[in-house]
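**Student:** just coords:
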């Protein structure tokens, strides 16, 4: 590339970038914040001159390099930078050196850019034109000339205009420099338009802003010397909006200026007086805030299926008197196993609730099987199943001393073992109330 072509390319590049940058600048954006900058970098270079046909060979292609640069930020994303770089020397064998020097002009584009002009992290790429001037102390070709220059880097800018930059520059096919740089930006910020002076009395209540302790008083409201609406009972709610203007001092109040009455379950009985604070929504309650229980069996009337149970009689979860023997319908097990399956746990949860409501109640948990298999096997299986039910109830908080598990095997069938239906009925768990 000829020298005139390089100059022409630089001028065209600068003109295009400048026009694009200023055209892309949003109206009112800061245009002069630290626009000019200078910097220097130090790093490691890779230099590899072509030695073919010279009688020399490349011995050392790495050296310490440095560079200086002067730049101008055209916008938040675009910049133009002139540089002078000395990537270092390449060592040749048997003896000799080729020293590299490069200078040129490049355009920078910040792919990652902070909202504030070059403050914080920035990721950029660069493209430009350069001139390589090599100097050798032996008779080899130095391959001087113009070239395309490429690069990329990562930059972090501080609020004082200083910035650190790590970049890689590729000057030609045989020369590149990887450097850490320090740079400083200069320039002034375009001054913002003067803000209008706030009025002397923003809320128009007749008390100047400098003395107004309530500067947002509603228009037309009467105020005292402090610029605040009167509050006779001192509860924080101005008299004009206070529905309870004589609240005793120290009480917390709601937006109306009244002491709030808390009723979490909405049954009309304040929480402080509510003996049953979690009554279902819409349920009728007595003066204590509890649903009625006419027969006093612990099951409220709305869920009591036996509302006239004799006083003191133990009842189940439906409010009905417990029978001496109760077959736990719905409690089933996996085949030949004591593992509870199906709705068993739901049924046993009701049993646990009944036991908790009747703390004096003691039970025998009796397990039964059909007549298939040996008596010894069925006795062992029925004991395991009764024990599984007991363990579940203990896990639900029932004291183990109130429970006794026993297996009866095929004894006391309640149906005919000759049919599948009868055998299914005989495979059961019963609760026997103990005196």
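**Tutor:** Sure, I can see it. In this text, all values refer to a predicted model and were calculated from it rather than measured experimentally.
**Student:** Which elements pack onto whichever strand or helix holds residue 155?
**Tutor:** Element membership for residue 155 (DSSP states H and E) is strand 145-157. Strand 145-157 sits against helix 3-24, strand 97-112, strand 120-136, strand 162-172, with contacts defined as 3 or more CB pairs under 8 Å, 6 or more residues apart in numbering; DSSP states H and E. (C-beta placed from N, C-alpha, C; glycine too.)
**Student:** mind redoing it with 6 Å?
**Tutor:** Packing partners of strand 145-157 (3 or more CB pairs under 6 Å, 6 or more residues apart in numbering; DSSP states H and E): strand 120-136, strand 162-172.
**Student:** and of the ones you listed, who's closest to residue 36?
**Tutor:** Smallest distance to residue 36 across these (CB to CB): 12.9 Å, for strand 162-172.
**Student:** Identify all contacting residues around the closest one.
**Tutor:** Applying CB atoms under 6 Å, 6 or more residues apart in numbering, the contact partners of strand 162-172 are 102, 130, 132, 147, 149-157, 176-178, 180-181, 183-184.
**Student:** Please state the offset of the strand holding residue 155 from the chain centre?
**Tutor:** Strand 145-157 sits 39 Å away from the centroid of its parent chain (CA atoms, centre = their mean, to the nearest Å).
**Student:** May I have the strands that pair with it, each with its orientation?
**Tutor:** The pairing partners recorded for strand 145-157 under DSSP bridges are strand 120-136 (antiparallel), strand 162-172 (antiparallel).
**Student:** what would those strands look like in JSON lines with mean neighbour count, distance to residue 383 and mean pLDDT?
**Tutor:** Listed next are those as JSON lines, based on neighbours: other CB atoms under 10 Å; distance: least, CB to CB, whole Å; pLDDT from 0 to 100:
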{"stretch": "strand 120-136", "mean neighbour count": "18", "distance to residue 383": "73", "mean pLDDT": "90"}
{"stretch": "strand 162-172", "mean neighbour count": "19", "distance to residue 383": "77", "mean pLDDT": "92"}
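**Student:** mind putting those strands in CSV, distance to residue 412 included?
**Tutor:** Formatted as CSV, the strands paired with strand 145-157 follow (distance: least, CB to CB, whole Å):
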stretch, distance to residue 412
strand 120-136, 83
strand 162-172, 89
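**Student:** If any of the contacts of strand 162-172 are buried, put those into a PyMOL selection.
**Tutor:** Buried residues within the contacts of strand 162-172, by 16 or more other CB atoms under 10 Å, are selected in PyMOL with:
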select buried, resi 102+130+132+147+149+151+152+153+155+157+176+177+178+181+183
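**Student:** Could you measure from residue 36 over to residue 157?
**Tutor:** Remark: distance between residue 36 and residue 157 (CB to CB, to the nearest Å) = 14 Å.
**Student:** How many residues are close by the residue nearest to residue 61 when sequence neighbours are not counted?
**Tutor:** In space, and not counting its chain neighbours, residue 61 is closest to residue 48: 4.6 Å by CB to CB, 6 or more residues apart in numbering. When neighbours are defined as other CB atoms under 10 Å, residue 48 has 14 of them.
**Student:** ok, residue 48 - contacts?
**Tutor:** Taking CB under 6 Å, 6+ apart, we find residue 48 in contact with 58, 61, 174.
**Student:** Out of the strands paired with strand 145-157, flag the one nearest residue 268.
**Tutor:** strand 120-136 (60.0 Å).
**Student:** How about residues contacting the closest one?
**Tutor:** 6, 9, 98-114, 142, 144, 146-147, 149-156, 171-172.
**Student:** now the angle between strand 97-112 and that strand, please.
**Tutor:** Strand 120-136 runs at 160 degrees relative to strand 97-112, counting by axes from the mean of the first three to the mean of the last three CA atoms, to 10 degrees.
**Student:** Low-confidence regions, the stretch 151-300 of the chain specifically.
**Tutor:** By pLDDT under 70, the low-scoring segments of the stretch 151-300 of the chain are 188-199, 297.
**Student:** Which parts of it are strands?
**Tutor:** 162-172, 175-186 (DSSP state E, counting those that start in this stretch).
**Student:** Neighbouring strands - and their directions - for the last one?
**Tutor:** In the sheet containing strand 175-186, its partner strands are strand 36-47 (antiparallel), strand 162-172 (antiparallel), by DSSP bridges.
**Student:** and the helix or strand just after that strand, which residues are buried?
**Tutor:** Using DSSP H and E, the helix or strand that directly follows strand 175-186 along the chain is strand 325-327. Using 16+ other CB under 10 Å as the burial criterion, the residues of strand 325-327 that qualify are residue 326.
**Student:** Note down every partner strand of strand 325-327 and its orientation.
**Tutor:** Going by DSSP bridges, the partners of strand 325-327 are strand 429-434 (antiparallel).
**Student:** domains in the chain, as residue ranges please.
**Tutor:** The chain breaks down into these domains under automatic domain parsing: 3-22+30-186, 310-434.
**Student:** just to revisit the earlier point, turn the strands paired with strand 175-186 into a markdown table, including distance to residue 69.
**Tutor:** Shown next, in a markdown table, are these (distance: least, CB to CB, whole Å):
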| stretch | distance to residue 69 |
| --- | --- |
| strand 36-47 | 5 |
| strand 162-172 | 10 |
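**Student:** Out of those strands, flag the one nearest residue 242.
**Tutor:** strand 162-172 (58.9 Å).
**Student:** re earlier: I'd like a version of the strands of the stretch 151-300 of the chain in JSON lines, one that adds distance to residue 404 as further columns.
**Tutor:** JSON lines is the format used below for the strands of the stretch 151-300 of the chain (distance: least, CB to CB, whole Å):
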{"stretch": "strand 162-172", "distance to residue 404": "80"}
{"stretch": "strand 175-186", "distance to residue 404": "83"}
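**Student:** looking at those, which is closest to residue 306?
**Tutor:** Proximity to residue 306, assessed across the strands of the stretch 151-300 of the chain by CB to CB, is greatest for strand 162-172 (84.3 Å).
**Student:** Tell me which of the helices and strands packed on strand 145-157 lies nearest to residue 220.
**Tutor:** Closest to residue 220 of the helices and strands packed on strand 145-157 is strand 120-136 (CB to CB; 49.2 Å).
**Student:** Relative to the whole chain's centre, how far out is the closest one?
**Tutor:** Relative to its chain's centre, strand 120-136 lies at 42 Å (CA atoms, centre = their mean).
**Student:** State the pLDDT value of the residue nearest to residue 61.
**Tutor:** If you check residue 48, the pLDDT there is 85.
**Student:** ok, back up a step: ok, which of the strands paired with strand 145-157 comes nearest residue 371?
**Tutor:** When the strands paired with strand 145-157 are compared by CB to CB, strand 120-136 sits nearest residue 371, at 82.2 Å.
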